[in-house]
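[1] 3D model of this:
(one chain, ligands or ions: 1)
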Amino acid sequence: MFNLEKQKLKDMYHISDKVFELYDMTMRDIDDQFSIYDDIKSYNQLKVLDAFQSERISESHFTNSSGYGYGDIGRDSLDKVYAKIFNTESALVRPHFVNGTHALATALFGNLRPNDTMMSVCGTPYDTLHNIIGISDKKNMGSLKDYGVKYEQVDLMPDGKFDFDKIKHKIENDRSIKLIHIQRSTGYGWRRSFLISEIKKIIDFVKKINPELICFVDNCYGEFIDTVEPTDVGADLVAGSLIKNIGGGIAPTGGYIAGKEEYVTQASYRLTAPGIGGECGSTFGVMRSLYEGLFLAPHISIEALKGAVFCSRIMELAGFEVLPKYADRRSDIIQAIKFNDKEKLINFCKGIQSGSPIDSFVQCEPWDMPGYDDQVIMAAGSFIQGSSIELSADAPIREPYIGYLQGGLTFEHAKIGILIALSNILK
Ligand SMILES: *Cc1c(COP(=O)(O)O)cnc(C)c1O
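    Numbering: from 1, shown residues only. Next up is the predicted model:
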């Protein structure tokens, strides 16, 4: 780091010499990691470029349809570009998905029928799925359970691995199981994200017992962190958010579903209406952003990932327990830090907020966020509201006070935010 930058950081944020010492050590340690991820980034850039060129994307795809949105070629071609990237028969990429939860819900509701069972093989799914499945305290929301869809769960082993024996036992003894739910990212848990090789292993295992089962992967935060996606290793259906990795920080909103045509079509009937599916839906001028965001996504996702690696190492050097560790192979952009202390957690988040380009003057506080059972604190001074491919930190306010950091449109910015946050809690 230039002394010029150091001095300016000191002037702006009163960052201590101790933090700069940790910074220097961290940068030396993480260099090798950066080069691994740079190779992945370069390959994925090429993969995305190939998809654009194969579909002959041109300016005419930056459509601005209205009304029913019939024949919106920008929308229909983007589906094909996504399908090519995910190596699937079909994809449904829409600004009409209000968030990742909505895309996941659409995939699940579209493909599950009364008396079917959905089974998670990696423990409790992400918080916002509890209401969808019908396992939260809230009643009569029209959950899957309310519609007669059953739910089973196999917890992970204490070492964070799949419990193959139990999974086999359940599948063999319950003919109603129709869909296997796999969550790639950690969510608000304390476990590693699943590598594509691990996802392949569980899918191969499940398919060997019953090839008819739909293997569904919640791919949130995982896109472009590896050279392959879950759909390259047998996942039948994946879903995610456009204000995370794959929107490249440019997509203003939306979500996607990709997979076997049959399953994507069922999901599309749920997004709009039976018989309408993906053929309707005007795109009000956002197509250019969705294309451009996708084009930038391999680069931006790795920028964010570098922020996570940096955070992991510097927080570890500062004495905190972190997951994953800086040299662990990653499959998502999340960095979890265990604070064991409510105030430290909140001050860390406040530090991230004060290093943001937008709303840096705002103090973030815990609040009752829709869809979550505990209070949640969210530091997000982002261009796009709640966008977590932009530098952000959040946490449910519960013991042992684990904070989750993710995003950063540039590593340079992620680094600044993390230095401020660390400085905040060392004071
Ligand atoms: C972010 C996320 C979701 C969806 O959250 P939204 O805020 O609705 O986009 C679902 N699952 C996981 C694992 C996530 O990280």
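
[2] going forward, measure contacts between C-alpha atoms and count neighbours the same way
    Noted.

[3] quick one: the strands in the stretch 1-150 of the chain?
    In the stretch 1-150 of the chain, the segments counted as strands under DSSP state E, counting those that start in this stretch are 90-94, 117-120, 150-153.

[4] what parts of the protein come near the ligand?
    Neighbours of the ligand within the chain, by C-alpha under 6 Å from any ligand atom: 99, 100, 101, 126, 183, 185, 187, 218, 220, 221, 241.

[5] residue 308: which of those residues is nearest?
    residue 221 (12.1 Å; C-alpha to C-alpha).

[6] what sits against whichever residue of the stretch 201-350 of the chain sits closest to the ligand?
    Closest to the ligand within the stretch 201-350 of the chain is residue 220: 4.8 Å, counting by C-alpha to the nearest ligand atom. Shown in contact with residue 220 (C-alpha atoms under 8 Å, 6 or more residues apart in numbering): 100, 184, 185, 239, 240, 241, 244, 245.

[7] can you put these in a markdown table and add secondary structure and neighbour count?
    Converted to a markdown table, the contacts of residue 220 look like this (DSSP: H, G, I helix; E, B strand; the rest coil; neighbours: other C-alpha atoms under 10 Å):
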| residue | secondary structure | neighbour count |
| --- | --- | --- |
| 100 | helix | 24 |
| 184 | coil | 24 |
| 185 | coil | 24 |
| 239 | strand | 27 |
| 240 | strand | 29 |
| 241 | strand | 32 |
| 244 | coil | 31 |
| 245 | helix | 35 |
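
[8] neighbours of the residue nearest to residue 317 when sequence neighbours are not counted, how many?
    Ranked by C-alpha to C-alpha, 6 or more residues apart in numbering and with sequence neighbours excluded, the top spatial neighbour of residue 317 is residue 22, at 6.8 Å. Other residues near residue 22 number 17, with proximity taken as other C-alpha atoms under 10 Å.

[9] am I right that residue 73 is in contact with residue 58?
    No - in this structure residue 73 lies outside contact range of residue 58 using C-alpha atoms under 8 Å: 10.5 Å.

[10] more crowded one of these two?
    Between residue 73 and residue 58, residue 73 has the larger neighbour count (other C-alpha under 10 Å), namely 18 against 10.

[11] now do the contacts for the more buried one.
    61, 63.

[12] thinking again about what came up before, the residue of the stretch 201-350 of the chain closest to the ligand and residue 61, how far apart?
    26 Å (C-alpha to C-alpha, to the nearest Å).

[13] and what of residue 11?
    From residue 11 over to residue 61 (counting by C-alpha to C-alpha), the distance is 47 Å.

[14] same question, residue 282
    Taken as C-alpha to C-alpha, the span from residue 282 to residue 61 is 13 Å.

[15] so which of the two has more stuff around it?
    Set residue 282 next to residue 61 and count neighbours by other C-alpha under 10 Å: residue 282 wins out with 21 against 18.

[16] sorry, back to before: need the contacts of residue 220 in a markdown table (columns: pLDDT).
    Listed next are the contacts of residue 220 as a markdown table, based on pLDDT from 0 to 100:
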| residue | pLDDT |
| --- | --- |
| 100 | 98 |
| 184 | 98 |
| 185 | 97 |
| 239 | 98 |
| 240 | 98 |
| 241 | 98 |
| 244 | 98 |
| 245 | 98 |
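
[17] from residue 232, how far off is the spatially closest residue to residue 233 that is not a sequence neighbour?
    Leaving out its chain neighbours, the residue that sits closest to residue 233 by C-alpha to C-alpha, 6+ apart is residue 200, at 5.3 Å. According to C-alpha to C-alpha, residue 200 stands 9 Å off from residue 232.
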